[in-house]
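# Curious how this folds, go ahead:
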Amino acid sequence: MIYMGDRVSATHYFQQLGLTIPTDTNPAEFFIDLVTIDTEDPEQAAIDRARIDYLADAFCTYNYQKVDKSKLPISLQTKKLTEKKIVTQPFFFRFLVLLKRSLRQNIRDIKINFLRIASSIGLAGLFSAVFKSVRSENLAASVSDRVALLSYGVISMTMMSLTKTLNLFGNEKPVVMREQMRKQYSSFDYLLSKLVAELPLDVLFSTIFGICLKYAAKLRSPIYCISGVFSLLTVASASLGFAIGSVTSNVEEAMTVGMPLMVILMAVG
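Got it, this is the predicted structure:
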């Protein structure tokens, strides 16, 4: 225990102990960092433990009396918490770091990616089985089924893309907001890295669906036309998901706004 009292008094309390909150720093994060030990760096871990011991002793002896700040370890004067300087990295460096993190997340989501591929193939087979007349030679008799087949295909691909984007962006938003408060990167850096990392995957799944649908339903349009249209609509849906996620606070709110909006778009064709 290093502090107990009113929230508004916490800043003044730690200032009396020689630990002033740096500019552009969230006070809550600053307080949490005060009791955090960097276990990966032995030298820094020793500094962290010394700081925690000092704060614990100060809390035990603090009774509206002046605490002896001479006991504050000298090594803390160079601690990044007390003299935090914001170092702005070049745009290309920031973008590469964010892109690397996004790609790692995609690689780790092997199960989800596999399920999306299976869903794309399965839906293509299901739609082609439901609308059997599309495979017939009588083109005039199958016009309505062809429209329905392509419509259901668009709806399924865009819904998968929108749901994935809303869930992804909603879960990451608290982390992104915290990192942006530290001025580590801008919203444009983050959005560009996510687009580069996520949109190719969405295009891949749409292309797989389009190819399977063409051969299963024996559609007459060329592959590049079918997969291109599905990919374009999937990218638009993912972009819509990013837009909705940016104005909502969490996944639940994003889903509450995103799903009815998609239903409206479906209703108006």
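
# Please list all residues in contact with G5.
By CB atoms under 8 Å, 6 or more residues apart in numbering, the contact set of G5 is Y13. No exception for glycine: its C-beta is placed from N, CA and C like everyone else's.

# Could you look up the SS state of it?
coil (DSSP: H, G, I helix; E, B strand; the rest coil).

# Roughly how far does it sit from F31?
Taking CB to CB, to the nearest Å as the measure, G5 and F31 are separated by 12 Å.

# ok, now G18?
For G18, the distance to F31 - CB to CB - is 15 Å.

# neighbour count winner among these two?
F31 (19 against 16; other CB atoms under 10 Å).

# Could you pull up phi and psi at that one?
phi -70, psi -40 (degrees, to the nearest 10).

# What of the one 10 residues further on?
Note on D41: backbone dihedrals following degrees, to the nearest 10 are phi -120, psi 110.

# One more: E253?
phi -60, psi -40.

# Buried residues, stretch 238-257. List them.
238-242, 244-245, 248, 251, 254-255 (16 or more other CB atoms under 10 Å).

# what's the span of stretch 136-145 from first residue to last?
11 Å (CA to CA, to the nearest Å).

# Buried residues, the helix or strand A216 falls within. List them.
Taking DSSP states H and E as the definition, one finds A216 inside helix 187-217. By neighbour count with 16+ other CB under 10 Å, helix 187-217 contains the buried residues 189-195, 197-199, 201-214, 216-217.

# And the top helix by length along the chain, what does it pack against?
In the chain, assigned by DSSP state H, the helix with the most residues is helix 143-181. When contacts are defined as 3 or more CB pairs under 8 Å, 6 or more residues apart in numbering; DSSP states H and E, helix 143-181 sits against helix 110-130, helix 187-217, helix 223-246, helix 251-267.
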